[in-house]
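1. Model the structure of this input:
(chains A, B, C and D)
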Number of protein chains: 2
Amino acid sequence: MKTKLDIANCQSCVCFNLRKASRAITQFYDHALKPADLKVTQFTILVAVTRADSITISTLAKHLVMDRTTLTRNLRPLEARGFVRVEAGSDQRTRYVSVESEGERVLERALPLWQAAQQKIVKKLGVQSMRDLLKTLSETVSISQQAP
Amino acid sequence: MKTKLDIANCQSCVCFNLRKASRAITQFYDHALKPADLKVTQFTILVAVTRADSITISTLAKHLVMDRTTLTRNLRPLEARGFVRVEAGSDQRTRYVSVESEGERVLERALPLWQAAQQKIVKKLGVQSMRDLLKTLSETVSISQQAP
DNA sequence: TAACAAAAGGTGTAACCACACGTAAAGGCG
DNA sequence: CGCCTTTACGTGTGGTTACACCTTTTGTTA
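-> All right, here's what the predicted structure looks like:
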């Protein structure tokens, strides 16, 4: 049957394999960050906000290559736990996100945990492989975004 | 400030970059599969079930490197639309998944769409880069799963 | 300046994801 | 045979993801 043959190809689906790896490594990092009671997504957002100091939701979403509405909802748990603050800017349309002191504290606790997890991955993968991986991932993002 | 310096490193977080690429490419494939009214996750599951013919939920989850409970819920929309059937086996604990004829039909329609999307990515990335990417992704999955 | 377009953001809806916990069936063993 | 462990699976809960659609505010232009 023709379909059966075509299906064999799907093993090499870039999307499937990326999603699979994404799931696996997310569990790895989530587990590593457990002592800080942070998910890796939350850690990522917290880092981005800290780095930016004060930033609108849309701009932050662009930085993270994340849908604006996704970010809005992902900020909710962080806001509820007092890690970030969201407030209107002088332009009444905008909302600025900034880190609260409680957020800084949890980030201090999470950073070494992240570092350890990252180290483990880099060590097993090898520095060069990781560099290549990050480069290809970056290209993949670019490709995915062009040509709607 | 020490924290600020540490934070600079997080740009190279393997997890963040994998998740970012995963989001981007998922949108790319989802868009490509839109004419077949399938998400890439659903396409993936449909392919895996078709390939396996008839398979328990747990085994299928292992194949897809996906949490069993996630798969249970991901099957729901496919079941609701009559693409797959889930029924108990002779072992009363197990539930076997198989493709319905409606599922085969939609898969026929989706396959060329997937092929086109995949082709675009491979062409832009280059065959060798893609091969390296898949290899590294596979390693990443293995690494993430060892050492709890 | 009034009208219209662009920018920033939220909500409804629906899917994806997994941990913690619970249930029932099957298998193994004293 | 009765007890215990393992296996297979579902649900509750809470977070992640994004499309479609809507509102408000700002900027532009006829």
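
2. ok now the biggest helix by length in chain A, how far from the chain's centre?
-> When chain A is parsed with DSSP state H, its longest helix is helix A:101-125. On the basis of CA atoms, centre = their mean, to the nearest Å, helix A:101-125 sits 13 Å off its chain's mean C-alpha point.

3. Might you report the residue contacts of A:Ser138?
-> Taking CB atoms under 8 Å, 6 or more residues apart in numbering or on different chains, we find A:Ser138 in contact with B:Asn17, B:Ala21. Heads up, the C-betas are built off the backbone N, CA and C, glycines and all.

4. And the pLDDT for it?
-> What the model reports for A:Ser138 is a pLDDT of 96.

5. can you tell me how far the residue lying closest to A:Ile121 once chain neighbours are set aside sits from A:Met66?
-> Counting by CB to CB, 6 or more residues apart in numbering or on different chains, B:Val14 is the residue found nearest to A:Ile121 once chain neighbours are left out, at 5.1 Å. For B:Val14, the distance to A:Met66 (CB to CB, to the nearest Å) stands at 17 Å.

6. what's the neighbour count on the residue nearest to A:Ile121?
-> Counted with other CB atoms under 10 Å in any protein chain shown, the neighbours of B:Val14 add up to 23.

7. what sits against it?
-> A:Ile25, A:Gln118, A:Ile121, A:Val122, A:Leu125, A:Met130, A:Leu133, A:Leu134, B:Thr140.

8. where does the helix or strand just after the longest helix of chain A sit relative to the chain's centre, distance-wise?
-> Next in sequence after helix A:101-125, counting helices and strands by DSSP states H and E, comes helix A:127-145. Taking CA atoms, centre = their mean, one finds helix A:127-145 lying 15 Å from the centre of the chain it belongs to.

9. Dump helix A:127-145 to CSV, keeping only the CA atoms.
-> Taking C-alpha atoms only, helix A:127-145 is exported to CSV below (Å, rounded to 0.1, in the frame of the first residue of the first chain):
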residue,chain,number,x,y,z
VAL,A,127,30.7,21.7,23.5
GLN,A,128,30.9,21.6,19.7
SER,A,129,27.8,19.6,19.3
MET,A,130,25.9,22.0,21.5
ARG,A,131,27.2,25.0,19.6
ASP,A,132,26.1,23.3,16.3
LEU,A,133,22.7,22.5,17.8
LEU,A,134,22.1,26.0,19.0
LYS,A,135,23.1,27.4,15.6
THR,A,136,20.8,25.0,13.7
LEU,A,137,17.9,25.7,16.1
SER,A,138,18.3,29.4,15.5
GLU,A,139,18.2,28.8,11.8
THR,A,140,15.2,26.7,12.2
VAL,A,141,13.4,29.5,14.0
SER,A,142,14.3,31.9,11.2
ILE,A,143,13.1,29.5,8.5
SER,A,144,9.9,28.8,10.3
GLN,A,145,9.1,32.5,10.5
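
10. buried sites along stretch A:59-75?
-> Burial within stretch A:59-75, assessed by neighbour count using 16 or more other CB atoms under 10 Å in any protein chain shown, is assigned to A:Leu60, A:Ala61, A:Leu64, A:Val65, A:Met66, A:Leu71, A:Asn74, A:Leu75.
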